[in-house]
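S.K.: I need the structure of the sequence given here:
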Amino acid sequence: MAAAAAVRPRPLVVILGATGTGKSRLALQLGLRFGGEIVSADSMQVYKGLDIITNKASPQEQGLCKHHMISFVDPLVTNYTVVDFRNKATALIEDIVACKKLPIVVGGTNYYIESLLWNVLIDTEEKARSPSAEEGAVDRKAELEKLASQELHHRLSQVDPKMAAKLHPHDKRKVARSLQVFEETGIPHSTLLQQQQQEEGGGPLGGGLKYPDPCIFWLHAEQAVLEERLDERVDAMLEAGLLAELRSFHRRYNQQRVDENSQDYQHGIFQSIGFKEFHQFLITEGKCSEEISHQLLDKGIQALKLVTKRYARKQNKWVRNRFLRRPGPNVPPVYGLEVSDLSRWEEEVLEPAIQIVESFSQGRRPPAEPFVMMHEPNEDTRSCHICEPCSRRIIGDREWKAHLKSKSHLFHLKKLRRLALASQSMKCHSSSTPAGNETPREEGGLKDHQM
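M.R.: Numbers count the residues shown, from 1 in each chain. Below you'll find the predicted structure:
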């Protein structure tokens, strides 16, 4: 048994959680404890620059434990995709395992993490042939995104009606991606996804797990505590030199785009939370009064705090939906670690995590129980619902249920009821009016006219 344990492959450790919960801290501690290497799964940290705003591991931390997938893409590149990330990160994880070290994936970009855990991406034939073809494929998607939403959705409905029914017409990125897949493979995207789901270990959300028995942690905190911590984090970024970083980056990479009115905050590193929020401040600094500049700076800071908290809620929502509420045999267990009280980090976070990783490494049952799955067996995440009162298309059973309870939907229902009651009242009034009240006048009027 000891010999078998010695040759057992190291498990893939994945640390999930909202920004500000301490994912990087735990990853570093586990890396030092188990001789591991850290793979960042953050879509903004892959780019060079904006180290403070994207919260990259410091040079000192990277010196203590080897980090991967950080600061290797030129900031002017806007076509780096999740497929590119998946291919590079998967090869790195295989190398780490081959060296008998512990691979630790940490990050907050949901679709990056999904690409490493599951077979959920479609590789096109054109991409597989050559690097130059890959660039053309990505450019094709960008070209499609320039089209109007309705035109894009109409094109998709012609070649892949099943996929079109599942995607909202305004979701240009996903609609363009589905069109791109069809153009490059000649096969409807929905057909490829269905084939993927029917693979061994597959389920409603995609293909099977890439790695058997991944060890997954979810760091979570009370909402009020986390939001206060995130406000303090923004203040700490400012003290660490955030404004100087933003000014330098804007001057080097964005100023010319602004002058040419071609800035793009929807692709690449320019979509980083914390950069576009300071747009007005950066483009007017030195060109307006000090008072106005200060007001714009304060506006940017408050916007950064707001979007950071909003993003944290989105990250936690994804964990709950993807791991705890979704059905399917390919959803691994998740071990929760409470991080509300940082003074109890050692006993409530680090020590339990160490015990769980040791259990996975030795093939034993962990001492802690994972979160209980709270899935709804009949839930369809891609079902299409049409709300006639609101003139809206809603994708997903959960989203449909939420819409039916929304203020907007209830408002439209009340409006329709009022209109229906008014119409019924007019009909009743018309039918209850005696015919003689108006007929004699009409006849008299006619006679007078004839005379």
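S.K.: okay, stretch 412-421 in PDB with CA atoms only?
M.R.: The C-alpha trace of stretch 412-421 is given here as PDB (Å, rounded to 0.1, in the frame of the first residue of the first chain):
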ATOM      1  CA  HIS A 412     -46.000  44.800 -17.600                       C
ATOM      2  CA  LEU A 413     -48.600  42.300 -16.300                       C
ATOM      3  CA  LYS A 414     -50.300  45.100 -14.300                       C
ATOM      4  CA  LYS A 415     -50.200  47.400 -17.300                       C
ATOM      5  CA  LEU A 416     -51.900  44.700 -19.500                       C
ATOM      6  CA  ARG A 417     -54.500  44.000 -16.800                       C
ATOM      7  CA  ARG A 418     -55.300  47.700 -16.600                       C
ATOM      8  CA  LEU A 419     -55.600  47.900 -20.400                       C
ATOM      9  CA  ALA A 420     -57.800  44.800 -20.500                       C
ATOM     10  CA  LEU A 421     -60.100  46.200 -17.700                       C
END
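S.K.: and it, how far from the chain's centre?
M.R.: Stretch 412-421 has its C-alpha centroid displaced from the chain centroid by 36 Å (Cα atoms, centre = their mean, to the nearest Å).
S.K.: Could you do stretch 112-124 as well?
M.R.: The chain centre lies 14 Å from the centre of stretch 112-124; the measure is Cα atoms, centre = their mean.
S.K.: next one: stretch 13-20
M.R.: Worked out by Cα atoms, centre = their mean, stretch 13-20 lies 14 Å from the chain centre.
S.K.: Now do the helices in the stretch 1-150 of the chain.
M.R.: Taking DSSP state H, counting those that start in this stretch, the helices of the stretch 1-150 of the chain run over residues 2-6, 23-34, 59-64, 82-98, 110-117, 125-129, 131-145, 149-159.
S.K.: for the fifth one, packing partners?
M.R.: Judged by 3 or more Cβ pairs under 8 Å, 6 or more residues apart in numbering; DSSP states H and E, the packing partners of helix 110-117 are strand 13-17, helix 82-98. Using the backbone N, CA and C atoms, a C-beta is placed for each residue, glycine as well.
S.K.: Out of those, which is closest to V339?
M.R.: V339 sits nearest to strand 13-17 of all these, at 7.6 Å, using Cβ to Cβ.
S.K.: Packing partners of the closest one?
M.R.: Secondary elements touching strand 13-17 (3+ Cβ pairs under 8 Å, 6+ apart): helix 23-34, strand 102-106, helix 110-117, strand 215-220, helix 290-319.
S.K.: Please work out which of those is packed deepest.
M.R.: strand 102-106 (a mean of 26; mean count of other Cβ atoms under 10 Å).
S.K.: For it, which outside residues touch it?
M.R.: 10-15, 23-24, 26-27, 30-31, 34-41, 89, 92-93, 96-97, 113, 116, 357, 361 (Cβ atoms under 8 Å, 6 or more residues apart in numbering).
S.K.: quick one: it to chain centroid distance?
M.R.: 20 Å.
S.K.: got the angle for that strand vs strand 13-17?
M.R.: 20 degrees (axes from the mean of the first three to the mean of the last three Cα atoms, to 10 degrees).
S.K.: Strand 102-106 versus helix 23-34: what angle between them?
M.R.: Using the same axes, to 10 degrees, strand 102-106 lies at 180 degrees relative to helix 23-34.
S.K.: Could you grab the helix/strand/coil label for the nearest residue to L416 once chain neighbours are set aside?
M.R.: Nearest residue to L416 in three dimensions, chain neighbours excluded: P389, at 5.5 Å (Cβ to Cβ, 6 or more residues apart in numbering). For P389, the assignment made with DSSP: H, G, I helix; E, B strand; the rest coil gives coil.
S.K.: got a pLDDT number for P389?
M.R.: P389 is assigned a pLDDT of 84 by the prediction.
S.K.: How much space separates it from R418?
M.R.: The spacing between P389 and R418, counted by Cβ to Cβ, to the nearest Å, is 12 Å.
S.K.: Burial-wise, tell me which of the helices and strands packed on helix 110-117 comes out on top.
M.R.: strand 13-17 (a mean of 26).
S.K.: pull the CA atoms of that strand into CSV?
M.R.: Output in CSV follows, covering the C-alpha atoms of strand 13-17 (Å, rounded to 0.1, in the frame of the first residue of the first chain):
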residue,chain,number,x,y,z
VAL,A,13,-5.9,21.4,-6.9
VAL,A,14,-8.3,24.2,-7.9
ILE,A,15,-9.0,27.2,-5.7
LEU,A,16,-12.2,29.1,-6.5
GLY,A,17,-13.7,32.2,-4.9
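S.K.: Nearest residue to the middle of this structure?
M.R.: With distances taken as Cα atoms, centre = their mean, N110 lies nearest the centre of the chain, 5.3 Å away.
S.K.: so that residue sits right up against Y311, yeah?
M.R.: No - between N110 and Y311 there is no contact under Cβ atoms under 8 Å: 10.7 Å.
S.K.: buried ones in stretch 330-350?
M.R.: For stretch 330-350, a neighbour-count test (16 or more other Cβ atoms under 10 Å) marks 330-337, 339, 345, 348-350 as buried.
S.K.: In TSV, list these along with secondary structure.
M.R.: Conversion of the buried residues of stretch 330-350 to TSV gives the following (three-state DSSP):
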residue	secondary structure
N330	coil
V331	coil
P332	coil
P333	coil
V334	strand
Y335	strand
G336	strand
L337	strand
V339	coil
W345	helix
E348	helix
V349	helix
L350	helix
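S.K.: What pLDDT does the model give S432?
M.R.: For S432, pLDDT reads 63.
S.K.: got it, and G107?
M.R.: Taking G107 on its own, its pLDDT is 89.
S.K.: To what extent is the nearest residue to it once chain neighbours are set aside buried, counted in neighbours?
M.R.: Distances taken as Cβ to Cβ, 6+ apart place A41 nearest to G107, at 3.1 Å, with adjacent residues excluded. Using other Cβ atoms under 10 Å, A41 has 28 other residues around it.
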